[in-house]
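> sequence plus predicted model, see below.
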Amino acid sequence: MGIPFLLFLGPCLFVEQAVLFAIPFRFIESTSGIGDLLLLIWLTICWVIFKVRINKYSEKTIGNTYSGKYINILDYFIVSLMIITIIGFSLVLNEFNIVKGVYDKFIILMSLFLGFFIIKDIAHHTEANVLKDFLYTIVVINTIASGMYFIHQGLHITLYATHNEYLTEIIDGETITRTFWFMPNLLFFSISYLLVVKRSKPFISIILLIINILAVYISYTRSFLIIAVILFILYYLLSGYKSRNFGKSIKNLIIIGISSLAMFLAVSSFLPTSTQYFISRFEELGENPSFTPANNLVYRFYKTGVVINKMDPGKVLFGHGSVTETQSPVVKFVNKATADMAWAEIIFRWGYLGLILFFLLYVFSIFKAFLLFMSTDGLISQFALLLLLTILSQAIEGFTQFTIMYPNRFALALWHFGIMSALLIAYNSHENLKNIEN
């Protein structure tokens, strides 16, 4: 499973230059969505190998430990979205004579949901301690990417020379660059994991946590910093609520606040220009919103509104399906709008019905994660809180960038929902939870 997640992290680890990972794809002539199709192929290969292995060693799997109901409400939302995707694909084939790219786009959209069920099945049949260690490996890899991102962005030592910067500004004679192409994309998952899941060497977790926070800082993204603060506050409040010890939680928050202030002062003295630029971005929030100079939240909603206005009135319910730029020139604008708000393409592809289903997927996942966190102890409880924080952060992040609609990442875009669905099987089998190691 390491290969699909390396592909998911993509350019930030120079994985796109690793020819070995592209071997299963070299005989396929299509070039449309090559990254997404390659990710789906590798995910499927890993799943097949996994299924063969668990059939041989079935007595060691968590699937035999948990005998709860396999299908849950999250699965129903995903299946409903799959049905809408198939309907949209059929309508596109019926409507257009030229269907170039439609088949590829359909597979890519379906990979979003196929990946959910693959990850769910793997998590369901994996021992809790093994899953814990695997997720920790992902955190370590993301932290390595965060360190390289900080070196490139903060220290201006060029590591990524193959892609243009999103924004370049000169402040007090120093160049400030912003880019999201090679930014580590599991920052909030990593921060949540390092907060929630207890490790035998907490000092190492603190170091990893600081590196991921520095990556958030050097992105100069206001929403990212706000999300990171929310994660810390929610973690301590929810932990205090469960233990009925709010005094300790408040004390920890104060300590974290003081430590964060000290860290900010240290970084600001080391990178004064970067700090000045980041502070100026928050000062912009007090100015009147403008559509052209700044890509603020008002402008993002405006572009999403334009996408809705450009949709065929007869397709606002189920969406336009798997159309490409060949069938509709609107797709080009949709792609640009989605870079700033994931919900733009969700509405375009799956319509308002799809938007409602995605909304319910997020809401029920967070709600179920909270119930699971409150009802269990040990690793299962930690996983539930981890997923709650991760899914919530992604929901907020969806108003600022691609998130689950990011190109080349579709097959693993809903991976945390897949793990959440697997944990719900454990939730429906309370007696077996006693067998889980803390």
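Noted; the coordinates are in hand. Residues are numbered from 1 along each chain as shown.

> which residues touch the closest residue to F399 other than its chain neighbours?
Among residues not flanking F399 along the chain, M341 sits closest, at 5.7 Å (CB to CB, 6 or more residues apart in numbering). C-beta: built from backbone N, CA, C; applies to glycine. With contact set as CB atoms under 8 Å, 6 or more residues apart in numbering, M341 has these partners: 300-301, 303-304, 398-401.

> so, low pLDDT: which residues of the chain?
Residue ranges of the chain with pLDDT under 70: 16-20, 22-32, 57-69, 162-165, 285-295, 429-438.

> returning to that earlier point: got a markdown table for the contacts of M341, with neighbour count too?
A markdown table is the format used below for the contacts of M341 (neighbours: other CB atoms under 10 Å):
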| residue | neighbour count |
| --- | --- |
| R300 | 19 |
| F301 | 15 |
| K303 | 19 |
| T304 | 23 |
| G398 | 19 |
| F399 | 16 |
| T400 | 20 |
| Q401 | 20 |
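
> hang on, the earlier thing: state the phi and psi torsions of the residue nearest to F399.
The phi/psi pair for M341 (degrees, to the nearest 10) reads phi -160, psi 110.

> now it: how far from F188?
Look at M341 and F188: by CB to CB, to the nearest Å, they are 17 Å apart.

> quick check: the residue nearest to F399 vs S268, distance?
31 Å.

> just Y241 next, same as before
34 Å.

> what helices or strands is the longest helix along the chain leaning on?
As assigned by DSSP state H, the longest helix anywhere in the chain is helix 342-375. Using 3 or more CB pairs under 8 Å, 6 or more residues apart in numbering; DSSP states H and E as the contact test, the elements touching helix 342-375 are helix 73-95, helix 222-243, helix 297-310, helix 330-338, helix 378-397, helix 415-427.

> which stretch among those helices comes nearest D172?
helix 222-243 (21.0 Å; CB to CB).

> give me the three-state assignment for Y136.
Per DSSP: H, G, I helix; E, B strand; the rest coil, the secondary structure class of Y136 is helix.

> verify the contact between it and V197 for me.
Yes. The pair Y136 and V197 qualifies as a contact (CB atoms under 8 Å) at a distance of 7.2 Å.

> tell me the contacts of L74?
L74 sits in contact with 361, 364-365, 368, 417, 420-421, 424, where contact means CB under 8 Å, 6+ apart.

> 7 Å instead?
361, 364-365, 417, 420-421, 424 (CB atoms under 7 Å, 6 or more residues apart in numbering).

> quick one: those residues as a markdown table, columns for distance to I308 too.
Shown next, in a markdown table, are these (distance: CB to CB, whole Å):
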| residue | distance to I308 |
| --- | --- |
| L361 | 21 |
| F364 | 25 |
| S365 | 25 |
| F417 | 25 |
| M420 | 29 |
| S421 | 30 |
| L424 | 33 |
